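**Q** let's see this in three dimensions:
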Amino acid sequence: MSVVDLLSLSCKRVLVTGGSRGLGLGMARGMREAGAAVAIMSRTAEQVHAAASEISALPLVADANGDPAQILTEAEELLGGGIDCVVHAAGIQHRAAAEEFPAEEWDNVLRTNLTAPFRLSQELGRRQLQAGCSGSHIFIGSLTSTLSIRGITAYTASKSAIYGVIRSLSTEWAGRGIRVNGIAPGYFRTNLTESVFSDPETYANMLRRIPMERFGDPKELAGPAVFLASDAASYITGQLITVDGGWTAA
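**A** Next up, the predicted model:
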């Protein structure tokens, strides 16, 4: 089988949470182009229907913090069978100095960025193991999975912990056919990062940190996501692939 064949996602069923915009939409688009049947999930009905129509995906209106069993059952009904791959792209952010960080915002960020993706993968993994199926789970980390950035303590905590979840699940499931990996994006312009990009001084300071001298485009996450979902990555698990234009190497 050729490398091109290994990279094909034809006959794969993929669920992308937070897939109606930004990084999630960029990865969902790549999955569709690679031949997968894709369901994109968002709690905003109008937005997810528009995005699904744009990339020929299936829309799933649901909150990432909802019941994982119900989410997966609805996704399976949409896609006509069991999920082969999940991409956990849903996430939120809150910016505040550490000494002023509100407790309720801490809980909200950790619930959405850490607990929700773990619980969804837990339920999907349970179903895949019971059915004796292989699978690929792709979590979205961050530069803050391995380093710190001021003003986003809860986000940093959630993304550092996601890296731990990736390693732990891969250790438990690898011998039973389920691979678990992650992608750590650098700075991409999305709704989540718009407040940073709108500050000229912060914008310039970030740009100086990137050896490629530019910010990422969401479509540049499609390749890593497709690779990790595909059979071309059949011996890769427990890894966090950084896509940052060289930030962490500089």
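**Q** need the longest helix for this structure.
**A** helix 153-173 (DSSP state H).
**Q** how about the CA coordinates for the helix or strand following that one, as PDB?
**A** Later in the chain than helix 153-173, the nearest helix or strand by DSSP states H and E is strand 178-185. Output of strand 178-185 as PDB, limited to C-alpha atoms (Å, rounded to 0.1, in the frame of the first residue of the first chain):
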ATOM      1  CA  ILE A 178      -6.500   2.900  20.000                       C
ATOM      2  CA  ARG A 179      -4.000   5.700  19.400                       C
ATOM      3  CA  VAL A 180      -4.100   8.900  21.300                       C
ATOM      4  CA  ASN A 181      -2.200  12.000  20.200                       C
ATOM      5  CA  GLY A 182      -2.300  15.700  20.200                       C
ATOM      6  CA  ILE A 183      -1.600  18.800  18.200                       C
ATOM      7  CA  ALA A 184      -0.200  21.900  19.900                       C
ATOM      8  CA  PRO A 185      -0.800  25.000  17.700                       C
END
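**Q** sheet partners, orientation included, of strand 178-185?
**A** Counting by DSSP bridges, the strands paired with strand 178-185 are strand 135-140 (parallel), strand 240-243 (parallel).
**Q** contacts for the shortest one, please.
**A** When contacts are defined by CB atoms under 8 Å, 6 or more residues apart in numbering, strand 240-243 is touched by residues 141, 143, 145-146, 163, 166, 181-186, 216, 220-221, 224, 228, 248. The C-beta positions use only the backbone N, C-alpha and C, and glycine is treated the same way.
**Q** what about it, distance to the chain center?
**A** 12 Å (CA atoms, centre = their mean, to the nearest Å).
**Q** what's the neighbour count on Pro211?
**A** Neighbourhood size, Pro211 [other CB atoms under 10 Å]: 12.
**Q** and the closest residue to it other than its chain neighbours, what does it touch?
**A** Excluding the flanking residues, the one nearest Pro211 by CB to CB, 6 or more residues apart in numbering is Gly246, at 3.5 Å. For Gly246, the contact set (CB under 8 Å, 6+ apart) comprises 210-212.
**Q** make CSV out of those and add pLDDT.
**A** Converted to CSV, these look like this (pLDDT from 0 to 100):
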residue, pLDDT
Ile210, 94
Pro211, 96
Met212, 96
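**Q** what is the nearest of these to Gly26?
**A** Using CB to CB, Met212 comes nearest to Gly26 of these, at 17.3 Å.
**Q** which residues touch that closest one?
**A** Residues in contact with Met212 (CB under 8 Å, 6+ apart) are 245-246.
**Q** distance of the residue nearest to Pro211 from Ser121?
**A** The spacing between Gly246 and Ser121, counted by CB to CB, to the nearest Å, is 30 Å.
**Q** which stretches of this structure have low pLDDT?
**A** 192 (pLDDT under 70).
**Q** cutoff 90 now
**A** Counting by pLDDT under 90, the ranges of the chain that qualify are 1, 148-149, 187, 189-207, 250.
**Q** helices along that one, start to end?
**A** Ranges of helices in the chain, per DSSP H, are 3-7, 22-33, 45-55, 68-79, 103-110, 116-131, 153-173, 194-197, 200-209, 222-229.
**Q** for those, give me TSV that also has distance to His94.
**A** What follows is the helices of the chain, written out as TSV (distance: least, CB to CB, whole Å):
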stretch	distance to His94
helix 3-7	37
helix 22-33	17
helix 45-55	21
helix 68-79	23
helix 103-110	4
helix 116-131	16
helix 153-173	6
helix 194-197	11
helix 200-209	17
helix 222-229	26
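**Q** relative to Val14, which of the ones you listed is closest?
**A** Closest to Val14 of these is helix 22-33 (CB to CB; 4.9 Å).
**Q** list the contacts of that closest one.
**A** Contacts of helix 22-33 (CB under 8 Å, 6+ apart): 9, 12, 14, 16-19, 38, 40, 51, 55-57, 85, 87, 89-90, 140, 185, 188, 190-192, 217-223, 225-226, 229.
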